[in-house]
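**Q** Let's see this in three dimensions:
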Amino acid sequence: MAQRFKGSNLFLTALLCLVSQGYAVGLGDMLERASQLSDKLHSLSTSLTNDLDTHFPPMGKILMPRPSMCHTASLQTPHDKDQALRVPESELLSLARALLLSWNDPLLLLASEAPTLSHPQNGAIYSKTRELQDQSNSLSSGLDRLIHKIGSSSKSLSPLPFQGGDLGSDKNSRLINFYFLLSCFRRDSHKIDNFLKLLRCRAAKQDRC
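**A** I've put the predicted structure just below:
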């Protein structure tokens, strides 16, 4: 799995290399690299969800909190593509960045809890959660450069605080809460990916985005 996703770091490395050598990196190229990173981030979260599904308590999804309980649920985001198309580029980028940075602490919690999960694939799950952190950090750096390129939004948004300190005491609660956090991240990573792909399309001035 590490082999599958390590290419994302190469995109960021190539971008930084071009900048350090004085080459002007176009907005389209930067958005292309960011879109590829966000796509891999969402794919990895989907792969992790599939791993957890293999040995999940039968009642787990019934007992799991509702999506409205995700700590990022209060962040107002476009409901569909038509709404997103009406959002200025800088504001859409600010939304993507705020969503991503809101996951710094939760991803740290997932990585610290993964090795002790009551799941036969907890080693692989741990490796993938660490990979999620690496992917997220790489994309965060890319979004900072995009904001510098496009300009800050007049509605610049701050990351949302995460209050969760642990996943619970018994093994089923910990597994359910781990799954819940991951499902929230998977949803948000899909939004980030869609926002960046839309920005890439608009930067290319395509008629149909």
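**Q** List the buried residues in the lengthiest helix in the chain.
**A** Counting by DSSP state H, the longest helix found in the chain is helix 171-203. The neighbour-count check on helix 171-203 (16 or more other Cβ atoms under 10 Å) flags 174-189, 191-201, 203 as buried. (Glycine included, C-beta is placed from N, CA and C.)
**Q** Ok, stretch 49-57 next?
**A** 51-52, 56-57.
**Q** what about it, start to end distance?
**A** 14 Å (Cα to Cα, to the nearest Å).
**Q** Would you mind listing the outside residues contacting it?
**A** Identification of contacts with stretch 49-57 by Cβ atoms under 8 Å, 6 or more residues apart in numbering yields 63, 119-121, 124-125, 128, 172, 175-176, 178-179, 182-183, 186.
**Q** Looking at these, which gets the smallest pLDDT?
**A** Sorting the contacts of stretch 49-57 by pLDDT puts residue 63 at the bottom of the list (84).
**Q** about what we covered before: what is the longest helix of the chain packed up against?
**A** Contact partners of helix 171-203 among helices and strands, from 3 or more Cβ pairs under 8 Å, 6 or more residues apart in numbering; DSSP states H and E: helix 27-53, helix 60-63, helix 81-85, helix 89-101, helix 104-113.
**Q** can you tell me which residues contact the residue lying closest to residue 37 once chain neighbours are set aside?
**A** Leaving out its chain neighbours, the residue that sits closest to residue 37 by Cβ to Cβ, 6 or more residues apart in numbering is residue 139, at 4.4 Å. By Cβ under 8 Å, 6+ apart, the contact list for residue 139 reads 34, 37-38, 41, 100, 192.
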